[in-house]
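S.K.: just the structure for this:
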Amino acid sequence: MNGFPRAINNKQDVLNLIDDYPDEISTFLNGLIESKNAWLFTESLTDGDAGTTDDTHKVSEVTDEDGTVTERNQYELVLDSNGPIFRMGFASVAEVEALV
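M.R.: The predicted model follows:
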């Protein structure tokens, strides 16, 4: 193999590369940490319900071709248990943060 690989598929790949490419692996792991959360649909909102909007909640509006809002949905930001960190074989976000 010449240079840093194009694909890193699992935790063992990271552990194998960390000594030879510390800067590249650090950048890769920071990307994993940034993608740790996902927006989870929690409920459809009625016309009178404003919903909650803060750092971990958002309201999304669906519009038709004329720009009229047809539905409003509430979402919550949660740790994505199917996210890249866990698919690669890491047990937790803290484990990845310790490698950075």
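S.K.: pop out the phi and psi values for the residue lying closest to L32 once chain neighbours are set aside.
M.R.: Spatial nearest neighbour of L32, excluding adjacent residues (Cβ to Cβ, 6 or more residues apart in numbering): I85 at 5.0 Å. C-betas here are computed from N, CA, C, even on glycine. The phi/psi pair for I85 (degrees, to the nearest 10) reads phi -60, psi -50.
S.K.: before we move on, what about T46?
M.R.: Dihedral angles for T46 - degrees, to the nearest 10 - are phi -80, psi 170.
S.K.: okay, now it: neighbour count?
M.R.: As a burial measure, T46 scores 8 neighbours (other Cβ atoms under 10 Å).
S.K.: do you know how far it is from K36?
M.R.: Here the criterion is Cβ to Cβ, to the nearest Å. By it, T46 lies 32 Å from K36.
S.K.: can you check N16 too?
M.R.: Look at N16 and K36: by Cβ to Cβ, they are 23 Å apart.
S.K.: looking at these two, which one has more neighbours?
M.R.: More crowded of N16 and K36, by other Cβ under 10 Å: K36, with 17 against 14.
S.K.: got a list of what the more buried one touches?
M.R.: Counting by Cβ atoms under 8 Å, 6 or more residues apart in numbering, K36 touches 79-80, 83, 85, 93.
S.K.: following element in sequence after the longest helix that the chain contains, please.
M.R.: Across the chain, the longest stretch assigned as helix under DSSP state H is helix 22-34. Along the chain past helix 22-34, the next helix or strand (assigned with DSSP states H and E) turns out to be strand 37-45.
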